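A.B. asks: take this sequence and fold it.
(one chain, ligands or ions: 1)
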Amino acid sequence: MTVSRPVLSVEGLHIHFHTRRGIVHAVDDVTFDINPGEIVALVGESGSGKSVTSLSMMGLLPRIGRIAGGRLLFQPAGQDIVDLATAPEKALRKVRGGGIGMIFQEPMTSLNPAMTVGEQIAEALVLHGQANNHAAMARAADLLAAVGIANPHARVRSYPHQMSGGMRQRVMIAIAIACRPALLIADEPTTALDVTTQAQILDILKQLRHDTGMAVLFITHNLSLVEAFADRVMVMYAGQVVEYGRAADVMEAPRHPYARALLDCLPVRHLDARESATLPELPTIRGHPPDLAHRPAGCAFATRCDMVRDACRAGHPDLQMVNAVRGHATRCIAWPEMEGGTDI
Ligand SMILES: Nc1ncnc2c1ncn2[C@@H]1O[C@H](COP(=O)(O)OP(=O)(O)OP(=O)(O)O)[C@@H](O)[C@H]1O
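C.D. replies: Sure, this is the predicted structure:
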């Protein structure tokens with residue numbers, strides 16, 4: 001039996017920002033793999049380090065940020081391994097939009113308003129040597145069809161402002177998948193869209209991974225999307241992965257108080273607007289994340305945690321296995337005392 005290797009292995013990643021307030025430890029020892037065809041969700045509040053982790057893979061960190069340690073091994077099947085943490089800009093340029101595609105929250109700011117969507121898709125193909133100008137325009141129409149845009153041969157001549165938000169996001173996906181990437185990074189791809197369009201976009205991504213074997217790193221602050229969409233989830237807090245596991249396991253029985261608190265903040269799903277209006281106000285997680293320029297000595301969640309004890313403030317908790325067979329781990333020493341703690 002051949003076991004395929006992960007398409008991306010992140011090993012002990014540290015990212016620092018050199019600011020006037022000191023060194024901000026934005027990402028602190030993050031390790032994970034993504035396998036071919038797998039959808040992995042990276043979840044956490046604003047500022048937890050999700051975007052910075054993904055930007056580092058593309059060599060797109062802001063100027064004051066740098067990778068201070070670790071490896072980012074990009075290893076698509078049949079190709080040489082590239083360490084994206086140390087690769088020269090020329091190699092990163094080849095990976096960006098080539099081996100790794102990327103889509104963001106607001107397609108209007110990423111699309112060029114002065115070019116037709118067909119020209120923009122074709123440009124990606126020509127830039128990466130996938131087609132000449134003529135063939136690229138024909139392929140652009142195929143790609144629009146693949147992301148569910150009706151009348152693709154006419155639509156290649158549309159400008160972004162002539163399309164709805166949902167259609168523009170489909171165009172962004174078409175550009176991102178144009179060069180058949182082994183990995184797609186989707187950073188809050190549906191946040192600006194209504195619920196129906198959100199579901200359609202996620203369905204397209206699922207279908208694409210099914211058809212092409214592309215892996216997806218899905219970045220979101222919205223845990224309610226994770227269950228239906230992702231295979232595995234990693235919960236980030238203050239620059240660290242605090243829990244990871246199969247999406248269903250983490251949603252069913254979270255083993256870190258932060259993950260549990262995020263779940264408690266979810267609205268009851270599948271209610272219409274009138275029914276939701278009658279719900280009591282949603283809980284929020286009290287307190288604030290720590291200042292990443294002055295990391296606390298113990299657990300970063302200790303000041304906000306209702307299970308905190310002295311040992312939590314004393315030492316820095318490591319990730320520990322909850323269930324090794326199912327690959328479920330938490331960075332909490334108190335997890336056996338959580339509801340249903342030992343019986344999954
Ligand atoms: N340009 C910057 N200068 C200084 N610090 C930064 C900068 N960009 C990010 N950071 C630091 O990195 C941390 C992680 O930021 P990041 O954007 O990855 O969070 P996020 O989880 O993606 O949040 P969001 O959901 O709001 O995008 C921030 O809390 C901040 O401390």
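A.B. asks: number of residues surrounding the nearest residue to residue 111 once chain neighbours are set aside?
C.D. replies: Among residues not flanking residue 111 along the chain, residue 160 sits closest, at 4.3 Å (Cβ to Cβ, 6 or more residues apart in numbering). Backbone N, C-alpha and C define where each C-beta goes, glycine included. Residue 160 has 20 neighbouring residues, counting by other Cβ atoms under 10 Å.
A.B. asks: so for residue 160, what's the pLDDT?
C.D. replies: With respect to pLDDT, residue 160 has a value of 94.
A.B. asks: same check, this time on residue 338
C.D. replies: With respect to pLDDT, residue 338 has a value of 88.
A.B. asks: what about it, how many neighbours?
C.D. replies: Residue 338: 19 neighbours (other Cβ under 10 Å).
A.B. asks: just checking, it touches residue 260?
C.D. replies: Yes - counting by Cβ atoms under 8 Å, residue 338 touches residue 260, with 7.0 Å between them.
A.B. asks: which neighbours do the two share?
C.D. replies: residue 254 (Cβ atoms under 8 Å, 6 or more residues apart in numbering).
A.B. asks: just the residues contacting stretch 328-344, thanks.
C.D. replies: 240-246, 249-250, 252-257, 259-260, 299, 307, 309, 311-312, 317-323, 326.
A.B. asks: next step: those residues restricted to helices.
C.D. replies: Of those, the ones assigned to helices by DSSP state H are 249, 250, 252, 257, 259, 260, 311, 312.
A.B. asks: let me know the closest of the residues you listed to residue 136.
C.D. replies: residue 250 (41.6 Å; Cβ to Cβ).
A.B. asks: so what's that closest one up against?
C.D. replies: 226, 233, 235, 243, 244, 259, 328.
A.B. asks: turn those into a markdown table, including neighbour count and pLDDT.
C.D. replies: Formatted as a markdown table, the contacts of residue 250 follow (neighbours: other Cβ atoms under 10 Å; pLDDT from 0 to 100):
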| residue | neighbour count | pLDDT |
| --- | --- | --- |
| 226 | 23 | 90 |
| 233 | 27 | 97 |
| 235 | 28 | 97 |
| 243 | 28 | 97 |
| 244 | 26 | 97 |
| 259 | 26 | 95 |
| 328 | 20 | 97 |
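A.B. asks: now, which of those residues sits nearest the ligand?
C.D. replies: residue 235 (11.2 Å; Cβ to the nearest ligand atom).
A.B. asks: partner strands of the host helix or strand of that closest one, with direction?
C.D. replies: Using DSSP states H and E, residue 235 sits within strand 232-237. In the sheet, strand 232-237 lines up against strand 39-43 (parallel), strand 240-246 (antiparallel) (DSSP bridges).
A.B. asks: got the ones you listed as JSON lines, with distance to the ligand columns?
C.D. replies: Output for those, formatted as JSON lines (distance: least, Cβ to the nearest ligand atom, whole Å):
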{"stretch": "strand 39-43", "distance to the ligand": "8"}
{"stretch": "strand 240-246", "distance to the ligand": "11"}
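A.B. asks: check contacts around the closest residue to residue 301 other than its chain neighbours.
C.D. replies: Excluding its sequence neighbours, the residue lying closest to residue 301 (Cβ to Cβ, 6+ apart) is residue 258, at 5.0 Å. Neighbouring residues of residue 258 by Cβ under 8 Å, 6+ apart: 235, 237, 242, 243, 285, 301, 304, 305.
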